[in-house]
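Enquirer: Turn this into a model:
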Amino acid sequence: MRKQLLILSAFFISMTIFGQKNEIKSAEKAIKIADFATAISSIKQAEGLIGNADQKTKAKFYYLKAMALYEGGKNTNVKEISSAFSDLIKFEKETNKLKYSKEIKGLKSALVQKTATRASENYKKASESKEPGDFVKAAKGFEQVYTLSPSDTSFLDNAALVYFLGKDYENSKKSYSKLLELGYTGVATEYIATNKQTGQDVSYPDKKSMDLQVKLGLAKDPREEVKDSRRELIFKNLAQNYTKLENNEKALEVIAEGRKEFPKSYSLLIDEANLYYNAGDNNKFKEKLEEAISLNPTEPTLYYNVGVMNMDQGNTEEAIKYFKKSIELNPTYADSYNNIGAAIIDKAAPIIEEMNKNLSDFAKYDKLQAEQFEIYKEALPYYEKAYELSSDNLNIVQTLMGLYENLDMQDKLSAIKEVYEKLK
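Expert: Down below sits the predicted model:
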């Protein structure tokens, strides 16, 4: 009985091998006549039988599977093709018998080039149309290049940015997150020389290629340019995606992580400040702006915004100090002149309140009103300067009308009324 079982086992093994070879031959014939559907069907039949096959049969199976899925370059499922190519290359590398790898690597390289070219063309079209769908189509192409060639991480970077332009914030977020996980920096050396015939700069894949063109007299002025790290920008862009997806908390986490890596990043700090502002946390917003001033003490907008925050919090003198600093750095900052005027006028609020309480006490009322008008006189030059710099600002014009009327400046009141009539 045992002997009979052994014979049956041998029979089944031989039948399995026969089945493998039969399906593999069928797939090979189908590929030769470009009948890829039949080839894939045969490959699927062989797949369940291939486990115990010898190295030569397995290698051929992986090769035919790759060729069947490749479909002579017509298959657009790049992920599927890439996986099949990789399976063959990995198997032959492990067995140290490279029969098909060279051919497959050549096909893969051509497919990478073709996919990258198509993605670039789609991006050019999207840049012209500005349609989100066109940007997403281009982004998918760049992502496919990365899928085919994971060492070309710059294409994943391209995909992340173009997905964002296409308002596909979810896929942009995934791509930027992947770049951070990979430790991608974008730092690279670019090899550039000037084509002697056209006078145009040309980028080369490596120094050897550039030097050869120079040696042959086809190019001149060879140089190497090192691209800056893009990692800081990736943190920034990832946070923007979370903001677009209305996840402010996660955006703040990303910015905090980025600032740990780039503690002196002014750009990330400003983004963090704006996130707090959007969240309605004015105290944190002001705190971050003051920190930003320490990093960039010559930026007038920072002083202006801190001034606004102080104004909102009732710190009038502090607000005026910051507005004046912004004007010192930028003498044409109309909004700062306007806000200094507004901050000065705020000082009149308690006086007006007291006047309303003393409507029947004419002496006291007149005294308070004189104080009120002195404050208006102090504010007036700042509003006039703001108007000089921004003459189409209706709010400034209306404020000047009120000041001229209160201060009984009839000539100026008549002139500003004419401006108001044109603007309203």
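Enquirer: Tell me the first helix or strand C-terminal of the helix-or-strand element of the chain with minimal mean pLDDT.
Expert: Least confident helix or strand of the chain, by mean pLDDT, DSSP states H and E, is helix 2-32 with a mean of 54. Note on helix 2-32: by DSSP states H and E, the next helix or strand toward the C-terminus is helix 36-47.
Enquirer: all strands for the stretch 101-250 of the chain, in order.
Expert: Along the stretch 101-250 of the chain, counting by DSSP state E, counting those that start in this stretch, strands occupy 188-195, 201-204, 219-227.
Enquirer: now for these, which one comes closest to residue 74?
Expert: strand 201-204 (30.6 Å; Cβ to Cβ). For glycine as for every other residue, the C-beta is placed from the backbone atoms N, C-alpha and C.
Enquirer: Doesn't residue 97 belong to a strand?
Expert: No - if the criterion is DSSP: H, G, I helix; E, B strand; the rest coil, then residue 97 is coil and not within a strand.
Enquirer: For it, give its distance to residue 109.
Expert: 21 Å (Cβ to Cβ, to the nearest Å).
Enquirer: Who are the contact partners of the residue nearest the centre of the chain?
Expert: Nearest to the mean C-alpha position of the chain, by Cα atoms, centre = their mean, lies residue 237 at 3.7 Å. Taking Cβ atoms under 8 Å, 6 or more residues apart in numbering, we find residue 237 in contact with 160, 161, 164, 172, 176.
Enquirer: do the same with residue 135
Expert: By Cβ under 8 Å, 6+ apart, the neighbours of residue 135 are 123, 126, 162, 163, 165, 166, 167, 168.
Enquirer: one more time with 6 Å, if that's ok
Expert: If you count contacts by Cβ atoms under 6 Å, 6 or more residues apart in numbering, residue 135 has them with 126, 162, 165, 166.
Enquirer: Residue 311 versus the residue nearest to the centre of the chain, what's the distance?
Expert: 33 Å.
Enquirer: Equivalent analysis for residue 213, please.
Expert: Residue 213 sits 62 Å away from residue 311, going by Cβ to Cβ.
Enquirer: re the thing from before, can you list which of the contacts of residue 237 are found in helices?
Expert: 160, 161, 164, 172, 176 (DSSP state H).
Enquirer: where does the stretch 1-150 of the chain dip in pLDDT?
Expert: 1-21, 27, 46, 48-52, 72-73, 75-76 (pLDDT under 70).
Enquirer: Of the contacts of residue 135 - the most surrounded one?
Expert: residue 162 (28 neighbours; other Cβ atoms under 10 Å).
Enquirer: quick one: that one and residue 138 touch, right?
Expert: Yes - if you go by Cβ atoms under 6 Å, residue 162 and residue 138 touch, sitting 5.2 Å apart.
Enquirer: Name the SS class of residue 360, please.
Expert: With three-state DSSP as the criterion, residue 360 reads coil.
Enquirer: oh, and call the first residue 52 from now on, that's how I've got it
Expert: Fine by me, first position is 52 from now on; the one you just mentioned is residue 411.
Enquirer: What is the burial count for it?
Expert: Every residue meeting other Cβ under 10 Å relative to residue 411 is counted, giving 7.
Enquirer: so where's the stretch 252-401 of the chain uncertain?
Expert: Judged by pLDDT under 70, no stretch of the stretch 252-401 of the chain qualifies at all.
Enquirer: make it 90
Expert: The model of the stretch 252-401 of the chain has pLDDT under 90 over residues 252-264, 267, 269, 275-280, 329, 363-365.
Enquirer: where exactly do the helices run in it?
Expert: 258-266, 282-295, 299-312, 317-329, 333-346, 351-363, 367-380, 385-397, 400-408 (DSSP state H, counting those that start in this stretch).
Enquirer: and of the ones you listed, who's closest to residue 196?
Expert: Going by Cβ to Cβ, the one of these nearest residue 196 is helix 282-295, 18.3 Å.
Enquirer: Please point out which parts of the closest one sit buried.
Expert: 282-294 (16 or more other Cβ atoms under 10 Å).
Enquirer: Then stretch 431-446?
Expert: Result for stretch 431-446 [16+ other Cβ under 10 Å]: buried residues 431, 433, 434, 435, 436, 437, 438, 440, 441, 444.
Enquirer: Contacts only, for the third one.
Expert: For residue 434, the set of contacting residues under the criterion of Cβ under 6 Å, 6+ apart consists of 392, 450, 451.
Enquirer: can you tell me how far the last one sits from residue 371?
Expert: In this structure, residue 451 and residue 371 are 19 Å apart, going by Cβ to Cβ.
Enquirer: returning to that earlier point: can you list the buried residues of stretch 431-446 in TSV and add pLDDT?
Expert: Output for those, formatted as TSV (pLDDT from 0 to 100):
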residue	pLDDT
431	97
433	97
434	96
435	97
436	97
437	97
438	96
440	96
441	95
444	95
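Enquirer: Return the subset of the residues you listed lying in strands.
Expert: Among the buried residues of stretch 431-446, DSSP state E puts none in strands.
Enquirer: taking these one by one, which sit in helices?
Expert: Reading helices off the buried residues of stretch 431-446 with DSSP H, I get 431, 433, 434, 435, 436, 437, 438, 440.
Enquirer: pretty sure the second one is touching residue 392, no?
Expert: Yes - the pair formed by residue 433 and residue 392 meets the contact definition of Cβ under 6 Å, at 3.8 Å.
Enquirer: can you pull the contacts of the closest residue to residue 296 other than its chain neighbours?
Expert: Spatially, and ignoring its direct neighbours in sequence, residue 296 is nearest to residue 220 (5.2 Å; Cβ to Cβ, 6 or more residues apart in numbering). Going by Cβ under 6 Å, 6+ apart, residue 220 touches 292, 295, 296.
Enquirer: follow-up on the earlier one: of the buried residues of stretch 431-446, which is the nearest to residue 351?
Expert: Looking across those and measuring by Cβ to Cβ, the closest to residue 351 is residue 440, at 13.3 Å.
Enquirer: Look up how far residue 396 lies from that closest one.
Expert: 19 Å.
Enquirer: quick one, what contacts residue 239?
Expert: With Cβ under 6 Å, 6+ apart, residue 239 has these contacts: residue 278.
Enquirer: partner residues bridging it?
Expert: residue 278 (DSSP bridges).
Enquirer: Give me the neighbour count for the closest residue in space to residue 156 that isn't next to it in sequence.
Expert: Nearest residue to residue 156, sequence neighbours excluded (Cβ to Cβ, 6+ apart): residue 140, at 6.8 Å. Taking other Cβ under 10 Å as the neighbour definition, residue 140 ends up with a count of 19.
Enquirer: where's residue 140 relative to residue 418, distance?
Expert: Counting by Cβ to Cβ - residue 140 and residue 418 are separated by 93 Å.
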